[in-house]
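Next comes the sequence, and after it the predicted model I'd like to discuss.
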Amino acid sequence: MPARAAIIPVTPLQQNCMLLWCEATKRAAVIDPGGDLDRIAEAIGKTGVTVETILLTHGHIDHAGGAAELKERLGVPVVGPHEADRFLLDHLPEAGRAYGIAGARAVTPDRWLAEGDAVSVGEIAFQVLHCPGHSPGSVVFVQDEQRFAIVGDVLFRGSVGRTDLPGGDHAALIRSITDKLLPLGDDVTFLCGHGPAGTIGEERASNPFLV
Ligand SMILES: [Zn+2]
Ligand SMILES: [Zn+2]
């Protein structure tokens with residue numbers, strides 16, 4: 001079943017919040033609602049989809065700061081990331097103050113994710129990869145048939161996630177990318193938390209952190 005998505009840049013960090021939906025059922029997920037909930041609500045209204053879940057790739061403020069409030073507004077569960085990011089989700093209010101993001105609240109997911117788990121949005125199934133390094137609990141959502149992956153801040157076009165924040169580990173990040181993302185295949189498109197989408201093949205050939 002075809003997936004469709006709208007990107008909604010949120011927070012002063014211009015994070016790519018995503019409204020992703022299943023065209024067959026019009027059921028949707030909001031992925032990484034860092035903040036600016038009114039803008040997210042507007043996108044939901046415009047597309048006419050029904051949000052059934054909130055997915056989090058990791059616990060950083062620009063990705064998770066609005067999750068608790070959005071959960072309350074929509075009455076849907078928060079799913080992900082891996083439990084290793086619990087310390088980040090517990091301290092979102094402090095992170096919000098540090099980054100000038102108003103109204104950030106701590107959030108406890110209804111379901112933590114682990115390597116090999118499956119999540120679905122309408123009739124679209126995703127496989128979960130645990131990809132620590134940028135944060136200890138970062139996860140990636142892979143849609144095999146339609147050849148795309150939602151990678152959060154693990155991999156960017158021409159770059160990789162920063163690892164200078166608490167729990168960051170550069171060697172682990174490079175391992176996550178080379179052991180788990182590159183094997184997905186050169187034709188796979190990845191959608192990241194900041195900046196434009198890319199393909200695995202392009203990064204394998206030219207990403208300065210990987211070649
Ligand atoms: Zn991040
Ligand atoms: Zn980010």
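Structure's in. What do you need? Residues are numbered from 1 along each chain as shown. Ligands and ions are numbered 1, 2, ... in the order given.

How much space separates the residue sitting nearest the centre point of the chain from ligand 2?
When CA atoms, centre = their mean is applied to the chain, the residue found nearest the centroid is Thr57 (3.3 Å). Taking CB to the ion, to the nearest Å as the measure, Thr57 and ligand 2 are separated by 9 Å. Yep, even glycine has a C-beta here, placed from its N, CA and C like the rest.

now Leu20
For Leu20, the distance to ligand 2 - CB to the ion - is 17 Å.

which residues touch that residue?
If a contact means CB atoms under 8 Å, 6 or more residues apart in numbering, then Leu20 has Ala3, Arg4, Ala5, Ala28, Ala29, Ile31, Val121, Ile124, Ile150 as its contacts.

May I see the buried residues of the biggest helix by length in the chain?
Longest helix in the chain by number of residues (criterion: DSSP state H): helix 37-47. For helix 37-47, the neighbour count (16 or more other CB atoms under 10 Å) marks Leu37, Ile40, Ala41, Ala43, Ile44, Thr47 as buried.

repeat for stretch 192-204
Across stretch 192-204, burial judged by 16+ other CB under 10 Å covers Cys192, Gly193, His194, Ala197, Gly198, Thr199, Ile200, Glu203, Arg204.

Quickly list what the first one is bridged to.
When assigned by DSSP bridges, Cys192 has beta-bridge partners Gly152.

what does Val51 give?
Here Val51 sits in beta bridges with Ala28, as judged by DSSP bridges.

re the thing from before, just the buried members of the contacts of Leu20?
Applying 16+ other CB under 10 Å to the contacts of Leu20 flags Ala3, Ala5, Ala28, Ala29, Ile31, Val121, Ile124, Ile150 as buried.

Just the residues contacting the helix or strand where the second one lies, thanks.
Okay, so that is Ala5. Per DSSP states H and E, Ala5 falls inside strand 3-10. With CB under 8 Å, 6+ apart as the test, strand 3-10 has contacts from 15-23, 33-36, 39-40, 43, 47, 62, 66, 121, 124, 143, 146, 148, 191.

do stretch 41-49 as well
Residues contacting stretch 41-49 (CB under 8 Å, 6+ apart): Ala6, Ile8, Leu19, Trp21, Lys26, Arg27, Ala28, Val30, Val51, Arg73.

Ok, stretch 30-37 next?
By CB under 8 Å, 6+ apart, the residues outside stretch 30-37 that reach it are 8, 10-11, 13, 15-20, 40, 44, 51, 53-57, 60-67, 69-70, 73-74, 101-104, 141, 150, 152, 193.

quick one: low-confidence parts of the chain?
Applying pLDDT under 70 to the chain picks out residues 1.

where do the helices sit along it?
Here the chain has its helices, by DSSP H, at 37-47, 61-64, 67-74, 86-90, 92-99, 170-176, 200-206.
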